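> need a 3D model of the following:
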Amino acid sequence: MKIHRFSEIDLARFAALPPGPALEQALRTYKTGGGSWSYNPVRESTSDIVAASTPLLGEIESVPWKKIEAQITAACRRGDTQVVSNVGVGKVLYDSARQNGWKAIKLPMGRLPIGISESVRYWSDILLVDEIGVFIPFFDHRRGQGLSNSPCRQIVYSMQHVWVRERHPDIAHARLAVIRFPEGKAGRRVKIEFHVEADLLSYEELDHRIRTVYETWARVLMERPLDGRRTGTDKGNPMGF
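Alright, predicted model coming up:
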């Protein structure tokens, strides 16, 4: 049995919880619902949305929103709800980037290997520049149910620091940011949560937390209703430990 991989947002939310009953209950709740679609279509269009330039080609002409909208829509495979949600947050970001006067630069950053055969990416291979300077954004597209508290964002900031700032000396002092999207209609701006003062976690601590989440998830997946246990339908540990 192949274990379900969490989205970056879900993983940060679970990793922020203390091991034990709170984490177990959160994972049981997730097990009963989970997610039927993702924001990958809009994530894949981020560079076009913010008009990111490349070091070799320099600034590029901004792509019209209608073309980006069609690109996002074509990438959605999970019905109208996914289309509406992806297009909605994409338009908010498109408008906000221009209203805020951001400049965007492409910088391939790869994925951070962590946990049990896991890798994460709390960045979008772009840097944003505002009137203060450079910052590393992670886009939390979920409206109202994403990285809504400081412990969740601490996980993201720590990942950004460990994998991006510590590996790229030229942006070692770039600000760390989570960009969140409004719950209202699409004309509003995004909200930027910058890292301020909170302690950053080490790679070792992050790795331990991710491992704990997946180990607990494996145990939750093994749980069966009482009648299921009677019939001997338990298939064993899906993680192999």
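> leaving out the residues flanking it, which one is nearest to H141?
Excluding the flanking residues, the one nearest H141 by Cβ to Cβ, 6 or more residues apart in numbering is Y39, at 4.1 Å. From N, CA and C alone the C-beta is placed, and that goes for glycine too.
> now the one you found: how far from D80?
Applying Cβ to Cβ, to the nearest Å, the value for Y39 to D80 is 15 Å.
> between the two, tell me which one has more neighbours.
Using other Cβ atoms under 10 Å as the criterion, Y39 and D80 rank with Y39 on top: 23 against 8.
> give me the pLDDT value at the nearest residue to Y214 once chain neighbours are set aside.
Spatially, and ignoring its direct neighbours in sequence, Y214 is nearest to I116 (5.1 Å; Cβ to Cβ, 6+ apart). Here the pLDDT value assigned to I116 is 82.
> surely I116 touches V213?
No: I116 is not in contact with V213 according to Cβ atoms under 8 Å; the separation is 9.5 Å.
> quick one on the thing from earlier: show me the contacts for the residue nearest to H141.
Y39 makes contacts with 85-86, 89, 141-142, as judged by Cβ atoms under 8 Å, 6 or more residues apart in numbering.
> what's the lowest-pLDDT member of the residues you listed?
R142 (87).
> and the pLDDT at the residue nearest to H141?
92.
> separation between it and I210?
Taking Cβ to Cβ, one finds Y39 at 21 Å from I210.
> torsion angles phi and psi at A75?
phi -80, psi -10 (degrees, to the nearest 10).
> for V190, that is, sorry about that
phi -70, psi 160.
> does the residue lying closest to it once chain neighbours are set aside count as helix, strand or coil?
Spatial nearest neighbour of V190, excluding adjacent residues (Cβ to Cβ, 6+ apart): S96 at 4.6 Å. What DSSP: H, G, I helix; E, B strand; the rest coil gives for S96 is helix.
> burial count for R121?
Neighbours of R121 (other Cβ under 10 Å): 15.
> burial count for the residue lying closest to it once chain neighbours are set aside?
Once flanking residues are discounted, R121 sits nearest to R111: 4.8 Å by Cβ to Cβ, 6+ apart. Using other Cβ under 10 Å, R111 is surrounded by 12 other residues.
> got the residue ranges for the strands in the chain?
103-106, 112-114, 118-120, 126-129, 134-140, 175-180, 191-194 (DSSP state E).
> which one, of the ones you listed, ends up nearest to E69?
strand 134-140 (17.0 Å; Cβ to Cβ).
> check which helices and strands the closest one sits against.
For strand 134-140, the packing partners by 3 or more Cβ pairs under 8 Å, 6 or more residues apart in numbering; DSSP states H and E come out as strand 126-129, helix 150-160, strand 175-180.
> now do the last one and helix 150-160, the angle between them.
Note on geometry: by axes from the mean of the first three to the mean of the last three Cα atoms, to 10 degrees, strand 175-180 and helix 150-160 are set 130 degrees apart in direction.
> packing partners for strand 175-180?
By 3+ Cβ pairs under 8 Å, 6+ apart, strand 175-180 packs against strand 134-140, helix 150-160, strand 191-194.
> which sections of this protein are below the confidence cut-off?
Counting by pLDDT under 70, the ranges of the chain that qualify are 1-2, 34-35, 55-60, 184-187, 225-241.
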